[in-house]
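Chemist: Fold the following, please.
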Amino acid sequence: MAQALRPNTVGGLFATDGKSHPIQDTLLVVTLVLGITSFITAQFHFLHLLSSWTGLVGILTGAYGQWISETTRERFGLIVGLGASGVGFFLGMAHGGLFGGF
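Modeler: A predicted model of the protein is given here:
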């Protein structure tokens, strides 16, 4: 009967401690959106401005999100977003950079 005394932590998608984390969840979503955008646009060399800038902003928001994150689920999503942002940023830099030089 020990399992009857354990709290149910499966309720929230992002908060495994049962508390609300609106700032961390917002940073997580922003980092994931920027990372996916940066990664996809990096596949096209003529979109290097978009991929490099979204990658850079995604790296910065992901780093701040990691700093203030409180749960493992937040950290996992932030790492995925940071990875996609990093790949998109570096491919965007290789295709022309932040300011459009070839």
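Chemist: Now do the buried residues in the helix or strand encompassing residue 90.
Modeler: Secondary-structure assignment from DSSP states H and E places residue 90 in helix 72-95. Within helix 72-95, the residues that qualify as buried by neighbour count (16 or more other C-beta atoms under 10 Å) are 73-74, 77-78, 80-82, 84-89, 91-93, 95. For glycine as for every other residue, the C-beta is placed from the backbone atoms N, C-alpha and C.
Chemist: How about stretch 52-66?
Modeler: Buried residues in stretch 52-66, counting neighbours by 16+ other C-beta under 10 Å, are found at 52, 53, 54, 55, 56, 57, 58, 59, 61, 62, 65, 66.
Chemist: Which members of the residues you listed are positioned in strands?
Modeler: Applying DSSP state E to the buried residues of stretch 52-66, no entry is found in strands.
Chemist: pLDDT (mean, whole number) over the helix holding residue 90?
Modeler: For helix 72-95, the mean per-residue pLDDT is 95.
Chemist: which helices and strands does that helix pack with?
Modeler: Packed against helix 72-95 by the contact rule (3 or more C-beta pairs under 8 Å, 6 or more residues apart in numbering; DSSP states H and E) you find helix 22-41, helix 48-68.
Chemist: Now do that helix against helix 48-68, angle only.
Modeler: Computed with axes from the mean of the first three to the mean of the last three C-alpha atoms, to 10 degrees, the direction of helix 72-95 lies at 150 degrees from that of helix 48-68.
Chemist: related to what we said a few turns ago, could you dump the helices and strands packed on helix 72-95 to JSON lines with distance to residue 100 and mean pLDDT?
Modeler: Written out in JSON lines, the entries for the helices and strands packed on helix 72-95 read as follows (distance: least, C-beta to C-beta, whole Å; pLDDT from 0 to 100):
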{"stretch": "helix 22-41", "distance to residue 100": "14", "mean pLDDT": "96"}
{"stretch": "helix 48-68", "distance to residue 100": "6", "mean pLDDT": "96"}
